[in-house]
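Participant: structure here, sequence nowhere to be found:
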């Protein structure tokens, strides 16, 4: 029987795995500079957690969750997003707030696989728990912007909106329902259901006919209460002061029910129709809704698969500085092993195959591994205590004294 990976998943192999490692390394470096600490939560949680947080009327909950019953008859769900698990962990472990956390890991949604979208996908996320200032909203947006610039994504666009709060959102919800009352025949069946359960979710629809209808729909920003309006103005002022460019998108509400006030998304022009790199927003009521104390919070999640499509790493990321040690007979193996140990101790990446092969075969291995250099060791090299260093790209060779080979390769 031939086994294949499940639909909507993928194997991440070199050189893409090297690119993935680099992206995650840069992300860790940047968020750590802003005072974030890493958190790891389970891949599955009680289903009720996502029903109460993500929202029963969202596409994630109604169509996309991987839910199963375990032997104890408990309903569990593979996490479709990271925020609910982080909030649950903070409440359960009585974490002292304020605190800033980040996570990197796989999520699961049953979606139609397409470019940059899989059923198992990775997210890079941050959560700021316990800070209410509009300035932190701007800083969170800035972190994502800085990260994209650091990995070579210079075309990212920030779309910004306010989705209000429980005090002012009911007014907008009613205005939207009134607007669509005589247009139900022009929107899709899913949007008709959304209209009865959670009207704001109609803006999540990708149907072109629906989008045309919503072009003239009421804008949530016109219904904001003074608190939300002042918060949004403060956020935009702070972004302006930091020199961060953004576009206000009145139809952008994000696909999660727990957002309040600020909502934002990062877009790339290089991704085509599925142009979102990720996004986030403020969720000032979620901790309380999950039975914790009333706590302001904001965060974002970025889709790693789409980031990998457009990120531009330096050449040495996808072609690391690997050195292949090649020996001609078993007599030279001890010399080769000692050299490998010495180079590795100095931080040089070394490949040494212990199964003796012909020189041509070993050279082809080194070429397949995209090694930068090959250290060739024969009887003469051992007698003279030297190493023949071959540049795998140019084919040039030179004899290097053994005591200088480490410095030579470290300097490359």
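Facilitator: The structure has been received and is ready for your questions. This structure is a prediction, so every number in the text was calculated from the model and none was measured.
Participant: now residue 206: which helix or strand?
Facilitator: Assigned by DSSP states H and E, residue 206 belongs to no helix or strand.
Participant: try residue 166
Facilitator: Residue 166 belongs to no helix or strand, assigned by DSSP H and E.
Participant: can you offset everything so residue one is 310?
Facilitator: In the new count, where the first residue is 310, that last one comes out as residue 475.
Participant: burial count for it?
Facilitator: 10 (other CB atoms under 10 Å). Bear in mind the C-beta positions are built from the backbone N, C-alpha and C, glycine included.
Participant: residue contacts, it?
Facilitator: Residue 475 sits next to 569, 594 when contact means CB atoms under 8 Å, 6 or more residues apart in numbering.
Participant: ok, it to residue 505 distance?
Facilitator: Distance, residue 475 to residue 505, using CB to CB, to the nearest Å: 19 Å.
Participant: low pLDDT regions in the stretch 360-509 of the chain?
Facilitator: In the predicted model of the stretch 360-509 of the chain, no residue satisfies pLDDT under 70.
Participant: can you give me the strands in it?
Facilitator: 375-378, 384-387, 408-417, 429-438, 466-471 (DSSP state E, counting those that start in this stretch).
Participant: for residue 343, find the nearest of those strands.
Facilitator: strand 408-417 (7.0 Å; CB to CB).
Participant: give me the buried positions along the closest one.
Facilitator: 408, 409, 410, 411, 412, 413, 414, 416, 417 (16 or more other CB atoms under 10 Å).
Participant: then stretch 597-611?
Facilitator: 599, 601, 604, 605, 606, 607, 608, 609, 610, 611.
Participant: which of these sit farthest apart?
Facilitator: Farthest pair in these, by CB to CB: 601 and 611, 25.3 Å.
Participant: how many neighbouring residues does the residue nearest to residue 680 when sequence neighbours are not counted have?
Facilitator: The spatial neighbour of residue 680 that comes closest, neighbours along the chain excluded (CB to CB, 6 or more residues apart in numbering), is residue 633 at 4.1 Å. Residues lying near residue 633 (other CB under 10 Å) number 25.
Participant: ok, residue 621 next?
Facilitator: Residue 621: 10 neighbours (other CB under 10 Å).
Participant: residue 561 contacts residue 572, correct?
Facilitator: Yes - with contact defined as CB atoms under 8 Å, residue 561 counts as touching residue 572 (6.4 Å).
Participant: between the two, what contacts are shared?
Facilitator: 469, 470.
Participant: work out for me the element the residue nearest to residue 680 sits within.
Facilitator: Going by DSSP H and E, residue 633 is part of strand 631-636.
Participant: strands along the stretch 610-721 of the chain, start to end?
Facilitator: 631-636, 658-661, 682-686, 695-700, 706-710.
Participant: list the contacts of the second one.
Facilitator: By CB under 8 Å, 6+ apart, the surrounding residues in contact with strand 658-661 are 629-634, 645-646, 649, 652-653, 674-675, 678, 680.
Participant: give me the buried subset of the residues you listed.
Facilitator: 629, 631, 632, 633, 634, 645, 649, 652, 674, 675, 680.
Participant: show me which of the buried residues of stretch 597-611 is closest to residue 374.
Facilitator: residue 610 (16.1 Å).
Participant: tell me what the residue nearest to the closest one when sequence neighbours are not counted is bridged to.
Facilitator: Spatial nearest neighbour of residue 610, chain neighbours left out: residue 434 (4.1 Å); criterion: CB to CB, 6+ apart. With DSSP bridges applied, residue 434 shows beta-bridge pairing to residue 412, residue 610.
Participant: quick one: contacts for residue 434?
Facilitator: 391, 392, 395, 411, 412, 413, 589, 608, 609, 610, 611.
Participant: equivalent analysis for residue 486, please.
Facilitator: Residue 486 touches 504, 508, counting by CB under 8 Å, 6+ apart.
Participant: tell me how far it lies from residue 493.
Facilitator: 10 Å.
Participant: ok, now residue 418?
Facilitator: 28 Å.
Participant: so for the two, which residue has more residues nearby?
Facilitator: Legend: neighbour count by other CB under 10 Å for residue 418 and residue 493, higher for residue 418 (20 against 11).
Participant: and the residue lying closest to that one once chain neighbours are set aside, how many neighbours does it have?
Facilitator: Nearest residue to residue 418 in three dimensions, chain neighbours excluded: residue 373, at 4.0 Å (CB to CB, 6+ apart). By other CB under 10 Å, 16 other residues sit near residue 373.
Participant: quick revisit: between residue 561 and residue 572, who's got more neighbours?
Facilitator: Legend: neighbour count by other CB under 10 Å for residue 561 and residue 572, higher for residue 572 (24 against 21).
Participant: next SSE after the host helix or strand of that one?
Facilitator: Counting by DSSP H and E, the element that carries residue 572 is strand 569-576. Using DSSP H and E, the helix or strand that follows strand 569-576 in sequence is strand 585-591.
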